[in-house]
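J.: Give the three-dimensional model of this entry:
(chains A and B)
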Number of protein chains: 2
Amino acid sequence: MQTILKSATAEVRIDTDGPVIMIGEKINPTGRKKLAQALKDRDFDYVRKLALQQVEAGAHVLDINVGVPGMDEAILLPEVVKLVASHVEVPLCLDSGNPKALEAGLAVAPGKPLVNSVNGEETSLAAVLPIVKDRGAAVVGLTMDDNGIPNDPEKRLAIAGKILERAAKIGIPPEDVVIDTLVLTVGADQNAGAVTLKTIELVRREFGVNINLGASNVSFGLPDRHTINQAFLALAFAKGASCVITDAVKLAGTILACDMLLARDPYGKRYILHTRKHPKE
Amino acid sequence: MQTILKSATAEVRIDTDGPVIMIGEKINPTGRKKLAQALKDRDFDYVRKLALQQVEAGAHVLDINVGVPGMDEAILLPEVVKLVASHVEVPLCLDSGNPKALEAGLAVAPGKPLVNSVNGEETSLAAVLPIVKDRGAAVVGLTMDDNGIPNDPEKRLAIAGKILERAAKIGIPPEDVVIDTLVLTVGADQNAGAVTLKTIELVRREFGVNINLGASNVSFGLPDRHTINQAFLALAFAKGASCVITDAVKLAGTILACDMLLARDPYGKRYILHTRKHPKE
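T.: From the prediction side, this is the model:
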């Protein structure tokens, strides 16, 4: 199954059987003071720099999150979307839980963006899905609902089913819904990784849709986070994830190695080119 | 299913659903001139040092291969087995295709060692399986036969079935056969990784036995081999491999991260302890 995203000039296909699509995650002020300050100051040079770094490192799509306390997302998101779209050619992923901000951002985003995210809560389904449908966008569906994030793969699967059903009911086809099975930190819950990996397997088997992964939470608070993040990505791709929101600067090498090992990179061309552009010291 | 290995004092269980068992691979002179020379000179200090390094890094079992051209393995293997067994507490894996050497090595190895390996060739089955049975050892079965290594997961599965059947016929139970699905280099054949991963899945589903992996061939000739090896291990564990012949010094961190993410390391204790003992600079 293919989820097609577009910028003004380029098209990206997230394919359940294709190479992994990397969504660059760095334009997100959560826990990044420097970016939060830059957004407050409208210092867009720094934002532009982060965007270009991710694309240079191999990101196929850029995530844009401007959630800074005290700032009006509905004003800031469209500004940053316009700015980033004028500097990169890749499709954008508008990352907000605020329907007004999403509407304003989608109005100025070129092509066919991805909306990050809707979830299984009634208020989220009711507010976000119609906006996605009206704009002809695609959407990330998080497997959580009014009761939180279940610690049980079958329950996360059921929420994925609910999101797909509600999307279908208003005319959003399954290929325009990318399910994010969510991952908590394994430092706080020793089953956190295994629950997510099992959910990926179940969602892939049951619905055959594209599956997204946020790849850095899992290692929070643990030593040598990079090794854990690398391992988790590979485990998730083996189970069927096809898309990942991550720092391409740090993890593109691992992601491209997985594509090569899963026979999704003929002659290892993409992997080899990446190591030439970004040699290890 | 559990494959039990023993030294004089310790027991290791390779469990299809348990943490990954690491077989330290460094005592193997293939491509290692310094070790080849040390074996020729009977400079066993160097051998001892390699053995201790692997155990210190986390190896649960030690592979011993003394195949140096011009040296009589049937004399050298038992000497090295005795030496290593007197310095480490872990079970041993006797790595030779030479039945006389295996017999001589098994005669002096303590506990219940692993024999590496038998394969689907008639001469190998006929020569190696009786030795394994007589000694009450366990054995690694390689998925290759008189026609070489098939490029087709179904054919490798069939060879695994043949080895298990022939073993059973002389009284070696399936839990004492660890299937090695073999991996060629992805630099020479772009499907090499995918074929092995698919074979792991099939063998696990069909026979439920333990599966071993040799983890460094896959990256031969490619840039940044470490990233590829890390990715390949994680992909293979996700598919069901439970045992790996590898350099524990380089890859124990990744292997323990996978165990933690697959919920096989309660509270991440083993992973955290490893990072304390071997901090990254």
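J.: Which parts of the stretch 1-150 of chain A are helices?
T.: Ranges of helices in the stretch 1-150 of chain A, per DSSP state H, counting those that start in this stretch, are A:33-40, A:44-57, A:73-85, A:99-108, A:122-135.
J.: any idea how far the fourth one is from the chain center?
T.: Averaging C-alpha coordinates over helix A:99-108 and over its chain gives two centres that are 18 Å apart (CA atoms, centre = their mean, to the nearest Å).
J.: re earlier: quick one: the helices of the stretch 1-150 of chain A as a markdown table, columns for distance to residue B:27, mean neighbour count and mean pLDDT too.
T.: Where C-beta positions appear, they are placed from N, C-alpha and C, glycine not excepted. Below are the helices of the stretch 1-150 of chain A laid out as a markdown table (distance: least, CB to CB, whole Å; neighbours: other CB atoms under 10 Å in any protein chain shown; pLDDT from 0 to 100):
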| stretch | distance to residue B:27 | mean neighbour count | mean pLDDT |
| --- | --- | --- | --- |
| helix A:33-40 | 50 | 16 | 94 |
| helix A:44-57 | 40 | 18 | 95 |
| helix A:73-85 | 54 | 20 | 96 |
| helix A:99-108 | 60 | 20 | 97 |
| helix A:122-135 | 58 | 17 | 98 |
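J.: Quick one, which of those gets closest to residue B:60.
T.: helix A:44-57 (37.0 Å; CB to CB).
J.: quick revisit: dump the helices of the stretch 1-150 of chain A into CSV; add distance to residue B:187 as well.
T.: Output for the helices of the stretch 1-150 of chain A, formatted as CSV (distance: least, CB to CB, whole Å):
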stretch, distance to residue B:187
helix A:33-40, 40
helix A:44-57, 23
helix A:73-85, 37
helix A:99-108, 44
helix A:122-135, 43
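J.: In CSV: these, plus distance to chain B.
T.: Formatted as CSV, the helices of the stretch 1-150 of chain A follow (distance: least, CB to the nearest CB, whole Å):
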stretch, distance to chain B
helix A:33-40, 25
helix A:44-57, 14
helix A:73-85, 29
helix A:99-108, 32
helix A:122-135, 28
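J.: between these, which gets nearest to residue A:206?
T.: helix A:122-135 (19.3 Å).
J.: what secondary structure does the residue most central in space within chain A sit in?
T.: By CA atoms, centre = their mean, chain A has its centre lying nearest to residue A:245, at 3.8 Å. Recorded secondary structure, residue A:245: strand (DSSP: H, G, I helix; E, B strand; the rest coil).
J.: list the contacts for it?
T.: A:23, A:25, A:63, A:93, A:116, A:212, A:213, A:214, A:215 (CB atoms under 8 Å, 6 or more residues apart in numbering or on different chains).
J.: repeat that with 6 Å
T.: A:23, A:25, A:63, A:214 (CB atoms under 6 Å, 6 or more residues apart in numbering or on different chains).
J.: Buried among those residues? Need that as a selection in PyMOL.
T.: A single PyMOL command selects the buried members of those (16 or more other CB atoms under 10 Å in any protein chain shown):
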select buried, chain A and resi 23+25+63+214
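J.: what does the stretch 51-200 of chain A put close to chain B?
T.: A:186, A:190, A:191, A:193, A:194 (CB under 6 Å from any CB of the partner chain).
J.: ok, of those residues, which come out buried?
T.: A:186, A:190, A:193, A:194.
J.: The first one against residue A:196, yeah?
T.: No - look at residue A:186 against residue A:196 with CB atoms under 6 Å: they stay out of range, at 9.4 Å.
J.: Quick check: pLDDT value at the nearest residue to residue A:266 once chain neighbours are set aside.
T.: Of all residues not flanking residue A:266 in the chain, residue B:190 sits nearest, at 5.7 Å (CB to CB, 6 or more residues apart in numbering or on different chains). If you check residue B:190, the pLDDT there is 93.
J.: A helix includes residue B:190, no?
T.: No - looking at residue B:190 with three-state DSSP, it is coil, so not inside a helix.
J.: how close does it get to residue B:243?
T.: Residue B:190 is 26 Å from residue B:243, where distance means CB to CB, to the nearest Å.
J.: again with residue A:116
T.: On the measure of CB to CB, residue A:116 and residue B:243 end up 39 Å apart.
J.: Residue A:21 too?
T.: Counting by CB to CB - residue A:21 and residue B:243 are separated by 33 Å.
J.: just so I have it, where are all the strands in chain A?
T.: A:2-6, A:11-15, A:21-27, A:61-64, A:92-95, A:114-119, A:138-142, A:177-180, A:211-214, A:243-246 (DSSP state E).
J.: I'd like to know which of those lies nearest to residue A:200.
T.: Among the strands of chain A, if distance is taken as CB to CB, the winner is strand A:211-214, at 5.5 Å.
J.: Not counting that closest one itself, show me its contacts.
T.: A:140, A:178, A:179, A:180, A:200, A:203, A:236, A:241, A:242, A:243, A:244, A:245.
J.: The fifth one: neighbouring residues, count only.
T.: Burial measure for residue A:200: 27 neighbouring residues, criterion other CB atoms under 10 Å in any protein chain shown.
J.: Need the pLDDT of the residue nearest to residue A:59 when sequence neighbours are not counted.
T.: Leaving aside its sequence neighbours, residue A:59 sits nearest to residue A:24 (CB to CB, 6+ apart; 3.2 Å). In the prediction, the pLDDT value recorded for residue A:24 is 96.
J.: likewise residue A:186?
T.: pLDDT recorded at residue A:186 is 94.
J.: That one and residue B:79: what is the separation?
T.: When residue A:186 is compared with residue B:79 (using CB to CB), they lie 45 Å apart.
J.: Repeat that for residue A:200.
T.: 50 Å.
J.: Same question for residue A:133.
T.: The value you get for residue A:133 to residue B:79, if CB to CB is used, is 75 Å.
J.: give me the low-pLDDT residue ranges for chain A?
T.: Within chain A, the segments meeting pLDDT under 70 span A:281.
J.: Could I get the CA-only coordinates of stretch A:86-101 as CSV?
T.: The C-alpha trace of stretch A:86-101 is given here as CSV (Å, rounded to 0.1, in the frame of the first residue of the first chain):
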residue,chain,number,x,y,z
SER,A,86,10.4,28.1,0.2
HIS,A,87,13.8,26.5,1.1
VAL,A,88,13.4,22.8,0.7
GLU,A,89,11.8,20.6,-2.0
VAL,A,90,10.5,17.8,0.2
PRO,A,91,6.9,17.4,1.4
LEU,A,92,6.0,18.6,4.8
CYS,A,93,4.5,17.0,7.9
LEU,A,94,2.4,19.5,10.0
ASP,A,95,2.8,18.4,13.6
SER,A,96,0.2,19.8,15.9
GLY,A,97,-2.8,18.7,18.0
ASN,A,98,-4.4,22.1,17.5
PRO,A,99,-7.1,22.0,14.8
LYS,A,100,-7.0,25.7,14.1
ALA,A,101,-3.2,25.6,13.7
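J.: Return the set of buried residues in that stretch.
T.: Quick answer for stretch A:86-101 (16+ other CB under 10 Å): A:88, A:90, A:91, A:92, A:93, A:94, A:95, A:96, A:97, A:98, A:99, A:101.
J.: How about the backbone phi and psi for the second one?
T.: Looking back up the chat, that one is residue A:90. Per-residue torsions, residue A:90: phi -80, psi 150 (degrees, to the nearest 10).
J.: what separates it from chain B, distance-wise?
T.: 24 Å (CB to the nearest CB, to the nearest Å).
J.: List the contacts of the residue nearest to residue A:59.
T.: Contacts of residue A:24 by CB under 6 Å, 6+ apart are A:54, A:59, A:62, A:248.
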